[in-house]
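Asker: Provide a 3D model corresponding to the input given below.
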Amino acid sequence: VVSTQSTGSSGINAEYGGERLRVDHSHESLIKDLQLSKDRTMLISASKDTTAKLFDAKTFHFLKSYKTDRPVNSAAISPIKHHILLGGGQEAMEVTTSHAKSGKFEARFFHLIFEEEIGRVKGHFGPINTLAFHPNGKQYSSGAEDGYVRIHDFDQSYYDFEYDF
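Answerer: Predicted coordinates for the structure are as follows:
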């Protein structure tokens with residue numbers, strides 16, 4: 001059983017008895033979301049500390065980190081590409097005092113291996129709170145504090161994109 005604390009630590013607990021088997025202190029603030037990859041080999045966490053972290057799901061060892069300039073409320077792993085999707089944005093109570101553009105409410109794509117941002121999708125007018133890829137990898141959905149759930153279909157250019165390394 002995986003659990004998180006408001007301090008940003010997370011850990012694996014024994015299924016029976018709750019004994020703490022492993023603890024990780026990779027995050028510096030509240031963890032907002034945990035999601036498994038489709039094949040259940042990786043786990044990604046999203047945190048208010050402006051990062052998402054990728055872990056081996058079996059051993060809970062840290063693998064990669066994806067850094068942004070805003071709180072990350074949700075993170076998802078593509079089932080068909082080496083991509084990570086992050087969403088978040090400026091805190092809702094601060095949004096009312098600034099322009100919607102400054103809240104940075106885009107969904108952001110990162111390369112899973114190279115940890116570099118490769119794209120953004122605009123559409124929400126409030127912080128994104130949840131993201132999920134469709135199991136076939138051809139769509140993703142996003143839900144935000146603007147009250148909308150958006151379903152995004154990928155263009156052919158998404159499938160054709162090859163990362164230069």
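
Asker: Quick one: the strands in this structure, in order.
Answerer: Taking DSSP state E as the test, the strands found in the chain are 2-4, 10-13, 20-24, 31-36, 42-47, 51-56, 62-67, 72-77, 83-88, 107-111, 117-121, 128-133, 139-144, 149-153.

Asker: Between those strands, which one is closest to Y163.
Answerer: Nearest to Y163 among the strands of the chain is strand 107-111 (5.5 Å), distances taken as C-beta to C-beta. From N, CA and C alone the C-beta is placed, and that goes for glycine too.

Asker: name the helices or strands packed onto that closest one?
Answerer: strand 83-88, strand 117-121 (3 or more C-beta pairs under 8 Å, 6 or more residues apart in numbering; DSSP states H and E).

Asker: got TSV for these, with distance to T50 too?
Answerer: Output for the helices and strands packed on strand 107-111, formatted as TSV (distance: least, C-beta to C-beta, whole Å):
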stretch	distance to T50
strand 83-88	8
strand 117-121	13
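
Asker: closest to D39 out of these?
Answerer: Checked against C-beta to C-beta, the stretch from the helices and strands packed on strand 107-111 lying closest is strand 83-88, at 14.7 Å.

Asker: just for this structure, where's the confidence low?
Answerer: Within the chain, the ranges that satisfy pLDDT under 70 run 3, 5-6, 9, 11-15, 20-22, 92-103.

Asker: and with 80 instead?
Answerer: 1-25, 91-103, 164-165 (pLDDT under 80).

Asker: Can you give me the distance of T7 to I31?
Answerer: Going from T7 to I31 by C-beta to C-beta, to the nearest Å gives 9 Å.

Asker: Who has more neighbours out of those two?
Answerer: Neighbour comparison, T7 and I31: the larger count goes to I31, with 23 against 12 (by other C-beta atoms under 10 Å).

Asker: For the more buried one, give me its contacts.
Answerer: Neighbour list for I31: T4, Q5, G8, S10, S45, A46, S47 [criterion: C-beta atoms under 8 Å, 6 or more residues apart in numbering].

Asker: got a winner among the residues you listed for most neighbours?
Answerer: Result: A46 is most packed of these (other C-beta under 10 Å), 30 neighbours.

Asker: ok, that residue touching S29?
Answerer: No. Contact criterion C-beta atoms under 8 Å: A46 and S29 do not qualify, at 10.8 Å.
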